[in-house]
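Chemist: Here is my input, please return the structure:
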Amino acid sequence: MILNVYKPTGISTYDVIRGIKRGIRPLQVKIGHAGTLDPFAEGVVLVLVGDSTKRSSELMALRKTYRGTIELGAATASADPDTQCQETSPLPAGLSIEDAQGYADTFIGRIMQTPPVYSALRIGGRRSYELARKGTPIVPEPREVDVYSLMIVAYEPPLMEFVADVGKGTYLRSLAVDLARAMGTVGHLRRLRRERIGPYASDAAVTI
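Modeler: As a prediction, the model looks like this:
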């Protein structure tokens with residue numbers, strides 16, 4: 001069974017899974033997921049029950065569509081609103097939405113991306129976010145990711161809204177940081193909503 005679940009903000013993907021598992025009989029049935037969402041984000045999470053857990057890799061490889069908001073001029077350690085601002089920078093002077101789209105277009109295609117230090121990637125056997133919280137210097141290895149489209153749909157300084165269609169392993173927090181940097185400032189991902197994973201859309205998702 002594949003459950004298309006809408007995760008709200010403020011809880012983790014594993015909170016969703018634990019909540020669903022409590023209602024499943026028999027309790028020992030296998031349960032998994034096809035990609036997590038950060039606690040500050042909302043949207044589609046695919047919860048896999050029983051034999052569908054074997055399809056995790058297949059489902060994680062599907063394209064994903066996100067709608068998000070970047071706050072320009074302010075950077076945080078985690079590149080999202082869950083940590084405090086650690087750097088500010090002036091906003092790009094005279095930036096129009098057309099100018100912003102021009103910068104966004106440079107990120108379309110197969111690009112090299114450095115994952116955020118606050119991520120679940122393993123570095124030397126430890127989760128990257130665990131090391132980051134302890135103040136351990138971390139330099140994640142850049143890797144190739146696919147950005148199929150990146151549209152700037154609104155800009156009211158300092159907030160810039162976008163819609164992105166991306167491939168497996170793409171970090172939207174890193175994309176937000178890199179786009180802000182390309183515009184000559186800093187930024188972080190203030191809001192994020194996953195609207196689709198392959199054919200599984202948010203308007204067809206069930207709530208917890």
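
Chemist: Domain-wise, how is this structure divided?
Modeler: 2-61+197-207, 64-195 (automatic domain parsing).

Chemist: Now name the helix or strand holding M160.
Modeler: Element membership for M160 (DSSP states H and E) is strand 159-166.

Chemist: ok now do L59, which residues does it touch?
Modeler: Going by Cβ atoms under 8 Å, 6 or more residues apart in numbering, L59 touches I2, A34, G35, L46, L48, I197, G198. The way it works is simple: take the backbone N, C-alpha and C, and place the C-beta from them, glycine included.

Chemist: Neighbouring strands of the strand holding M160 in the sheet, and parallel or not?
Modeler: Neighbouring strands of strand 159-166 in its sheet, by DSSP bridges, are strand 64-72 (antiparallel), strand 143-156 (antiparallel).

Chemist: Buried subset of the contacts of L59, written for ChimeraX?
Modeler: Applied in ChimeraX, the following selects the buried portion of the contacts of L59 according to 16 or more other Cβ atoms under 10 Å:
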select :34,35,46,48,197,198
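
Chemist: what's the farthest-apart pair in the contacts of L59?
Modeler: L48 and G198 (13.5 Å; Cβ to Cβ).

Chemist: and the helix ranked longest in the chain, what other elements does it pack with?
Modeler: Once the chain is assigned using DSSP state H, the helix that runs over the most residues is helix 172-182. Judged by 3 or more Cβ pairs under 8 Å, 6 or more residues apart in numbering; DSSP states H and E, helix 172-182 is in contact with strand 64-72, helix 97-105, strand 109-113, strand 143-156, strand 159-166, strand 187-197.

Chemist: Can you pull out the low-pLDDT segments for this structure?
Modeler: Within the chain, the segments meeting pLDDT under 70 span 25-27, 118-138.

Chemist: tell me the contacts of the residue minimising distance to the centre of the chain?
Modeler: Closest to where the C-alpha atoms of the chain average out (Cα atoms, centre = their mean) is L172, at 4.3 Å. Contacts for L172 (Cβ under 8 Å, 6+ apart) come out as Y66, G68, A164, V166, L189, L192.
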